[in-house]
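**Student:** next input, structure requested:
(3 chains)
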Amino acid sequence: MPHTADLFGEAEAPGTGPSSAPMPTHAAAADTPAARAASLRAQIAAHDHAYYVLDAPTVPDAEYDRLFRDLQALEAAHPALATTDSPTRRVAGRPLEGFAPVAHRVAMLSIRTETDTTAEGARAFDARVRRELKRPESDPPVVYAAELKFDGLAINLRYEDGVLVQAATRGDGETGEDVTQNVRTIRAIPLRLATDAPPPVLEVRGEVYLRRDDFEALNEAARARGDKTFVNPRNAAAGSIRQLDPAIAAQRPLSFFAYGLGETQGWATPATHSGVLDALRALGLPVCHERALGTVDDLIGFHADIAARRDSLPFDIDGVVYKVDSLAVQAQLGFVTREPRWAVAHKYPPQEMLTTVEAIEVQVGRTGKLTPVARLAPVFVGGVTVTNATLHNASEIERKDVRVGDTVIVRRAGDVIPEVVGVLADRRPPGAMPFAMPHACPVCGSLAVREEGEVDNRCSGGLICAAQRKQALLHFAQRRAMDIDGLGDKIVEQLVDGGIVRTLPDLYRLGLLKLAELERMAEKSAANLLQSIDASRRTTLPRFLFGLGIRHVGEATAKDLARHFGSLDALMNASVEDLLAVEQVGPVVAESVHTFFAQPQQREVVEQLRACGVEWPEGEGAAAAAGTAPLAGKTFVLTGALPTLSRDQAQALIEARGGKVAGSVSKKTHWVVVGSDAGSKLDKARELGIATLDEAELLALMHGKAATSESPQFPPD
DNA sequence: GCACCTCGAGTTCC
DNA sequence: CTCGAGGTGC
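**Tutor:** Residues are numbered from 1 along each chain as shown, chains lettered A, B, ... in the order given. Down below sits the predicted model:
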């Protein structure tokens, strides 16, 4: 095993200098303390640059820390060496009394936010610019730069003779706050510009932000300590910068992107905005890679591209910014009041919005679980209007301390389910009471108890409870169970509330007359519903078992039970020991099944369903074919949409040949069947090196041919 | 006893 | 889709 230093030291190309880790032999070259300090600083700066600007860490964290501690020790021994631009200054300093005001020499203006963020909006911006420049359509197109609008905190960094001397917030644009001590702790921000000939004055503007993963880690640590968590990366970043104690700010993993200039003196400013960003990057400042340069069509392309990838970026953004690239043309365009004419922001629909909690209601699920749900004042977030958000359970409400009347932050990213991320404590109306889970079921009034060691409260009413009856009916009717088309929640609601249906067998005693009483139930749809109820009588044992809604018995377990026992009677009369003999059935499931069939009213339901004509083929017949099945013992996972087969059809085909379809990819998966728009399962398959098939290859495989490649001769089936 | 693999259950909006 | 928990294999 080579010494680790070799791995990092020798792997570097010669000449990269400080990015190579020091080897013991190198230390001998630095014979004076001053030279050693300079060497350590150069190495640390190079690692910071590689990590934050190039996005490519050159050494492990432990090695970085060692360099850092060496420098600290050296400076402690020789105080004269502790210069203001030393990386060790990042964590030093006393808590501030407050923040001193800083007058911006060049105002920090905001960019006009366009309401029309479509392609036409971008073209309108281009048309405005041309009109202002008196440039007709026939002239060459205006060149624009597009970049991201980061969701963080705008900061002005002032470098004098290449050294960071001051950092200030935007404030009102004219005057901000001096946050130099805290900004010094941000490793992404160089304390000294990477140039031998620094300009006398260079002010760099950009955004301090938190990466999503750093934000999660920060909150995770806060939770572990029992501290308050931040609601989003932006608040965490802003809160960290406004920390009075720089030692605390230093604990926060803040990042930075440069996007513009303030005052400059004696700097050879490039002619274009894109040139400025490249130059800043060359000076060692982090500049975001997500940029575009071109005509208005390129802006539109950039907008669409980023919109599609927004959720997978490592940090939050709230839109994109379009700027005229030429600084000369920018100067020509000038400002309207306080907004530049040469730039616009196109924001995406916000993923977080404020709204108020109008009520907290409690829903009852099929298993009796009580779920608190926040009824919200309607709010448009993430592209849809949200009115409900689940609060999951009592401990979740307690943790977030959500109360009726509270102003809350609601988040909905991409197609993710909306959630209440946090409460604005200072906007709580006086007298708002903490929410308490009811001790009685809100639907049937039965006792609602919280079982030992569980987080959920459950209604004990069973089928007495109308809510549980409704859910039981919907479960029974769902596609994967009895597949009764047309029996949705609206109909079930009326059937149960009207006392027309109480139990599962009642469904099979429905007639046209009864259905006609219901609202929104014309003759045609009533007939259709009766037709599908009738069709559902012919079913299979696994579907029937799943439909009964026995706790812990889902689709997969229902199949296992059906295969093992072969008939319903055998299963109903099985002891706990018999049940434990079934593959994938342990004590909890065995107990649940046994208890279910021990109840006389459940046996009665089963008997009545049979009497109503519900039937399925029984016997060993189904199991007998297993030995010869071509796919016996093979596990498949389906992902994405297949060209001709539906998911259910593909599953049925695989199972008919003895194969098994699982929900997630693991080492035990034999094949992953990939369709279009495949999701994370395909990534997982690649990671684990699992073979993949497309639909044609799957069909070929099932017809007994080797799945080497697409075999064109397979029969169409 | 622990780690990993599965399955069950719950959830929102169009 | 994700979380939590049951089941199994090491």
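**Student:** and stretch A:575-590, how far from the chain's centre?
**Tutor:** Relative to the chain's own centre, stretch A:575-590 is displaced by 38 Å; criterion: Cα atoms, centre = their mean, to the nearest Å.
**Student:** before we move on, what SS does the closest residue to A:A394 other than its chain neighbours have?
**Tutor:** Nearest residue to A:A394 in three dimensions, chain neighbours excluded: A:M437, at 4.5 Å (Cβ to Cβ, 6 or more residues apart in numbering). In this view, the C-beta of every residue, glycine as well, is placed from N, C-alpha and C. At A:M437, secondary structure determined by DSSP: H, G, I helix; E, B strand; the rest coil is coil.
**Student:** burial check on A:M437, number of neighbours?
**Tutor:** Using other Cβ atoms under 10 Å, the number of residues around A:M437 comes to 17.
**Student:** go on, the one 5 residues further on?
**Tutor:** Counted by other Cβ under 10 Å, the residues lying close to A:P442 total 15.
**Student:** okay but it is in contact with A:T371, surely?
**Tutor:** No - using Cβ atoms under 8 Å, A:P442 makes no contact with A:T371, being 10.9 Å away.
**Student:** between the two, what contacts are shared?
**Tutor:** Common neighbours of A:P442 and A:T371, using Cβ atoms under 8 Å, 6 or more residues apart in numbering, are A:V362, A:V364.
**Student:** relative to A:V576, how far out is the spatially closest residue to A:M572 that is not a sequence neighbour?
**Tutor:** Leaving aside its sequence neighbours, A:M572 sits nearest to A:F597 (Cβ to Cβ, 6+ apart; 4.7 Å). If you measure A:F597 against A:V576 using Cβ to Cβ, to the nearest Å, the figure is 11 Å.
**Student:** residues in contact with A:H346?
**Tutor:** A:T113, A:E114, A:T117, A:G121, A:A122, A:H303, A:G319, A:V320, A:V321, A:Y322.
**Student:** for it, which three-state class applies?
**Tutor:** Each residue gets one of three states, and A:H346 gets strand by three-state DSSP.
**Student:** would you mind naming what in chain A lies close to DNA strand B?
**Tutor:** A:363, A:365-367, A:369, A:371, A:373, A:384-390, A:392, A:417-418, A:551-558, A:584, A:635, A:660, A:662-664, A:666-669 (Cβ under 7 Å from any atom of the strand).
**Student:** doesn't A:T385 lie inside a strand?
**Tutor:** Yes - counting by three-state DSSP, A:T385 is found in a strand.
**Student:** find the nearest non-adjacent residue to it, please.
**Tutor:** For A:T385, the spatially nearest residue (Cβ to Cβ, 6+ apart) is A:P378, at 5.2 Å.
**Student:** what strands flank the helix or strand that neighbour falls within, and is each parallel or antiparallel?
**Tutor:** Taking DSSP states H and E as the definition, one finds A:P378 inside strand A:370-381. Applying DSSP bridges to the sheet, strand A:370-381 is found paired with strand A:352-364 (antiparallel), strand A:384-390 (antiparallel).
**Student:** make a markdown table from those and add mean pLDDT and distance to DNA strand C to it.
**Tutor:** Formatted as a markdown table, the strands paired with strand A:370-381 follow (pLDDT from 0 to 100; distance: least, Cβ to the nearest atom of the strand, whole Å):
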| stretch | mean pLDDT | distance to DNA strand C |
| --- | --- | --- |
| strand A:352-364 | 88 | 17 |
| strand A:384-390 | 86 | 12 |
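**Student:** return the most buried member of those.
**Tutor:** With neighbours defined as mean count of other Cβ atoms under 10 Å, these peak in mean count at strand A:352-364, which reaches a mean of 17.
**Student:** only C-alpha atoms, please: export that one in CSV.
**Tutor:** Extracted C-alpha coordinates of strand A:352-364, given in CSV (Å, rounded to 0.1, in the frame of the first residue of the first chain):
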residue,chain,number,x,y,z
GLU,A,352,-42.1,28.5,-2.6
MET,A,353,-44.9,30.9,-1.6
LEU,A,354,-46.4,32.2,1.5
THR,A,355,-50.0,31.5,2.4
THR,A,356,-52.1,31.0,5.5
VAL,A,357,-53.4,27.9,7.2
GLU,A,358,-57.2,28.3,7.3
ALA,A,359,-57.9,25.0,9.1
ILE,A,360,-56.3,21.8,10.0
GLU,A,361,-58.6,18.9,9.2
VAL,A,362,-58.1,15.2,10.0
GLN,A,363,-58.7,12.5,7.4
VAL,A,364,-59.3,8.9,8.1
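**Student:** quick revisit: how many other residues sit next to the residue nearest to A:M572?
**Tutor:** Residues within reach of A:F597, counting by other Cβ under 10 Å, total 18.
**Student:** and it, what does it touch?
**Tutor:** Residues near A:F597 by Cβ under 8 Å, 6+ apart: A:L571, A:M572, A:R603.
**Student:** who wins for neighbours among those residues?
**Tutor:** Neighbour counts for the contacts of A:F597, by other Cβ under 10 Å, peak at A:L571, which reaches 19 neighbours.
**Student:** for that residue, give me phi and psi.
**Tutor:** Main-chain dihedrals, A:L571, degrees, to the nearest 10: phi -70, psi -40.
**Student:** list the residues that contact it.
**Tutor:** For A:L571, the contact set (Cβ under 8 Å, 6+ apart) comprises A:L545, A:L561, A:A562, A:F565, A:V593, A:F597.
**Student:** A:V553 versus that one, what's the distance?
**Tutor:** Look at A:L571 and A:V553: by Cβ to Cβ, they are 11 Å apart.
**Student:** which of the residues of chain A next to DNA strand B count as buried?
**Tutor:** Burial by neighbour count, judged by 16 or more other Cβ atoms under 10 Å, picks out A:R366, A:K369, A:V386, A:A389, A:H392, A:P418, A:V553, A:T557, A:A558, A:T635, A:K660, A:T669 from the residues of chain A next to DNA strand B.
**Student:** no more questions from me, cheers.
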